[in-house]
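**Q** Sequence first, then the predicted structure:
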Number of protein chains: 2
Amino acid sequence: IQEGEFFKLKEALKSFEPNEVVELLEQEEEREQLIIFRLLPLRLATEVFEYLDLDIQKHFLANLSQDKISDILNEMSPDDRTALLEFLPDELVRELIQTLSEPERKVTLELLGYPEYSVGRLMTPDYIAIRESWTVQQVLDYIRRHGGQSETLSVLYVTDERGILIDDIRIREFLLADPQKRVSELMDRRFVQLNTMQDQEEAIEVFRRNDRVALPVVNDEGVLFGIVTIDDILDIREEEDTEDIQKLGGSEALDAPYLDTPIWKMVQKRAGWLVILLIGEMLTTSAMHHFEDDLQKAAVLGLFIPLIISAGGNAGSQATSLIIRAMSLGEFSLSDWWLVMRRELLSGLALGSILGVVGALRIVLWANYIDPGYFGPYWQLIAVTVGFSLLGIVLWGALSGAMLPMLLRRLGLDPATSSAPFVATLVDVTGLIIYFSVATFVLRGTLL
Amino acid sequence: IQEGEFFKLKEALKSFEPNEVVELLEQEEEREQLIIFRLLPLRLATEVFEYLDLDIQKHFLANLSQDKISDILNEMSPDDRTALLEFLPDELVRELIQTLSEPERKVTLELLGYPEYSVGRLMTPDYIAIRESWTVQQVLDYIRRHGGQSETLSVLYVTDERGILIDDIRIREFLLADPQKRVSELMDRRFVQLNTMQDQEEAIEVFRRNDRVALPVVNDEGVLFGIVTIDDILDIREEEDTEDIQKLGGSEALDAPYLDTPIWKMVQKRAGWLVILLIGEMLTTSAMHHFEDDLQKAAVLGLFIPLIISAGGNAGSQATSLIIRAMSLGEFSLSDWWLVMRRELLSGLALGSILGVVGALRIVLWANYIDPGYFGPYWQLIAVTVGFSLLGIVLWGALSGAMLPMLLRRLGLDPATSSAPFVATLVDVTGLIIYFSVATFVLRGTLL
């Protein structure tokens, strides 16, 4: 197909679904992508363009003629267009916005006036507003005439003469109602709305609570400005979950698919935390230096250091992951910190006891059956030391792993910054102190 | 209100939105919840019931009269009912299903016949099927008469006389079209469909690719059986993401909100992995035992053990989180393992070099400015040992953290089982071996 038969290709492409074209494009080289894209009919080109990766979108914008670009931008739905423009350098944005037709430009500029991560940035002004005095038949006629632009027809919005939202009615009500009925008869004046300046995370929460495919957005006076549709909310939710997981693993959010992130950029995103954690972990060297006398007197204590500090780190990773996820699902608020603390206190005690017993048993087994004499005459005391250290460190790991994300949220930071490696490092350093304190207490007068 | 004025309360409740009632119920005690719930009109009661937590649902089922229960179950949408029944003990399910009316029972039983996690379990048979010979006006009339049952009216499905799906058409096409047009004129015979036996994860992928609010489900012959709506898909996606994060943190999936999980159950879900990891970590004790002679000759090596093994664990956590998320978003398939491997090889080398330099610098700084003489005459060699050990361990951590989830998927297991603590433990044990091997090589003839 690549050898010149452009006309045939053009005809063939006409019958493709947008997602089929996207799949086709993804398999091709940059040059072929452009050729195929140029051959698409405008409508299809726009839909395909909306589905493409941002990188490919940028590449296309840099290489297509100005006319084709403005055609595509004009055809794109306003919220997708805003998402695209946000990612481009400011100069290119200014240039591109100039290519938009008058009304489209106005819409985009308006959308861009809202703070990043505000609901205003997500909304599309393509919705249907009706009046309460209309009949159902009038509404259906109105849709037939003006609905072509609207992004979703699932819900219609009733506004008064000042443009203030007074109700939302699902299209099904109109489809099921007698055409002679008035809109006012279908109204219940109860509706859920978002504010333009609201945070997008709050919007996700509202969507989660209300099972809707679209929600109206109003300004402070209650005037209907636009709607937010569920597909945009989904994308944001997915992005936020991805960020949470990546941060939890101890790197910065990648902002792009794994395989599409340039290696130097990936190293950049990962090196920061690794270096910070390494420097934090250097405190373990200082701590061990501090306890060197004890270690020299009882070298056997050194054998259990990795075992004990990693158990605390693992308990901390568990707790921090559970709490971060629960917080991002809105399962509890900061004021519930005491409930969480009590739970982790109890779980931490239980888990610590289990691990303490397993750890102590290991020493008892070794000392009696596997390698008698290895731990010396005080093996019972060593077992007690390891057991109680595990109890203390697991409890401490669970508590700090759970409280740290809540503390970060309280300070206005992202809870997911309290990553598994971060908690593990914190617990490593303090864990050494717990271990040697328990050892000093138990072994004083014998080994120490 | 609680003091006897039930009639007034009943009247007041009538004007509530379902989600308002849910919020109200969540604030009340169990006894009050039941009272309020009994006072709700049936339609509202059903909607409220669908929104409630599974625990409250069970409590209600155990305490409401048989009549009220069967009324509610009959009114619930089939897919929500199936979700509820799946969570109840088998005996209670059999009992409850008996209370369903004949057609409702048939529907539920049919839905229950599909394997768990199959698309069949998610679908609702409440959709609108039309014929291609109908006019738009006929379709709209048909909806007005039969659409009340349908879960979504956003998309209508065209079937032939054998019930085989031949197209899906969005309701907006009908709303915008001339009422005299025939359905066949609106058709493009291109549609996306799911199979009843398909895995729900695949369905999520199909929804992600196609930006739809509902998708039709067909059997192997192409006969339309039901539809799956996006709200069910969303719930499943959220659950899977929650599972991923919880597993990544090193516990089993909780299956319920954090605060609602009984403490003993939480301990159970978390203890398993902690004990396994503790036992795994015991290998570090054996490894250190093995290198005891070296440690006795060069006690200074012991100081860096926590630092070095945790750096490897952190690099591993990062890699495993990035890869698990990318896999769950379908960013690459198993056959791309070589691409991933190459990336981690390069990133691991870069990250390891950075950490190696930082670690070695620390020793150089200490030996020259902070605590001269502490590391003895061979501080340069110790810096080299720590530096190269960090390089090797970070590289090894990144590689094993990335490859482990892919290996698990290859074996048909859940990639998220390769949790951050699991990778960290694996790298701890092997990290010690790397560290002491480097030390033997560098320090032979001097300290060792």
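**A** That came through fine.
**Q** buried sites along stretch A:319-336?
**A** Applying a neighbour-count criterion of 16 or more other C-beta atoms under 10 Å in any protein chain shown, one finds A:319-329, A:331-332 buried in stretch A:319-336. All C-beta spots, glycine's among them, are computed from the backbone N, C-alpha and C.
**Q** anything in that stretch near chain B?
**A** Yes - for stretch A:319-336, a contact with chain B is found by C-beta under 8 Å from any C-beta of the partner chain, at A:319-326, A:329, A:331-332, A:336.
**Q** Quickly name whichever of the buried residues of stretch A:319-336 is closest to chain B.
**A** In terms of C-beta to the nearest C-beta, no member of these lies closer to chain B than A:Ser321, at 2.4 Å.
**Q** how far off helix B:305-328 does the strand or helix carrying that closest one point, in degrees?
**A** If you go by DSSP states H and E, A:Ser321 is part of helix A:305-328. Helix A:305-328 runs at 40 degrees relative to helix B:305-328, counting by axes from the mean of the first three to the mean of the last three C-alpha atoms, to 10 degrees.
**Q** Show me what helix A:305-328 is packed up against.
**A** Helix A:305-328 is packed against helix A:230-248, helix A:337-365, helix A:379-410, helix A:420-443, helix B:230-248, helix B:263-290, helix B:305-328, helix B:420-443, with contacts defined by 3 or more C-beta pairs under 8 Å, 6 or more residues apart in numbering or on different chains; DSSP states H and E.
**Q** Let's have the ones you listed in TSV, adding mean pLDDT and distance to B:Arg343.
**A** TSV is the format used below for the helices and strands packed on helix A:305-328 (pLDDT from 0 to 100; distance: least, C-beta to C-beta, whole Å):
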stretch	mean pLDDT	distance to B:Arg343
helix A:230-248	86	15
helix A:337-365	93	36
helix A:379-410	93	30
helix A:420-443	91	20
helix B:230-248	86	20
helix B:263-290	88	27
helix B:305-328	91	10
helix B:420-443	91	17
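**Q** Indicate which one of the ones you listed is closest to A:Leu283.
**A** A:Leu283 lies closest, by C-beta to C-beta, to one member of the helices and strands packed on helix A:305-328: helix A:420-443, at 4.6 Å.
**Q** Could you list the domains of chain A?
**A** Annotated domains of chain A cover A:6-112, A:129-229, A:258-443 [automatic domain parsing].
**Q** The second one near chain B at all?
**A** Yes - contact between domain A:129-229 and chain B is present through A:140, A:143-144, A:147-148, A:150, A:153-154, A:171-172, A:175-177, A:190, A:192, A:209-211, A:213 (criterion: C-beta under 8 Å from any C-beta).
**Q** Restricted to helices, list those residues.
**A** By the criterion of DSSP state H, membership of the residues of domain A:129-229 next to chain B in helices covers A:140, A:143-144, A:171-172, A:175-176, A:209-210.
**Q** Report the central residue of chain A.
**A** A:Glu240 (1.0 Å; C-alpha atoms, centre = their mean).
**Q** Show me where the stretch 101-250 of chain A has its strands.
**A** For the stretch 101-250 of chain A, the strands defined by DSSP state E, counting those that start in this stretch cover A:129-130, A:155-159, A:165-170, A:194-195, A:214-218, A:224-229.
**Q** Please determine how far the residue lying closest to A:Val275 once chain neighbours are set aside is located from A:Ile279.
**A** What sits nearest to A:Val275 in space, not counting adjacent residues and going by C-beta to C-beta, 6 or more residues apart in numbering or on different chains, is B:Val358, at 5.7 Å. Separation of B:Val358 from A:Ile279 (C-beta to C-beta, to the nearest Å): 7 Å.
**Q** what does A:Asp178 give?
**A** 73 Å.
**Q** if you count what's nearby, which of these two comes out ahead?
**A** More crowded of A:Asp178 and A:Ile279, by other C-beta atoms under 10 Å in any protein chain shown: A:Ile279, with 14 against 10.
**Q** what's the burial count for the nearest residue to A:Asp428 once chain neighbours are set aside?
**A** Distances taken as C-beta to C-beta, 6+ apart place A:Ile309 nearest to A:Asp428, at 4.5 Å, with adjacent residues excluded. When neighbours are defined as other C-beta under 10 Å, A:Ile309 has 31 of them.
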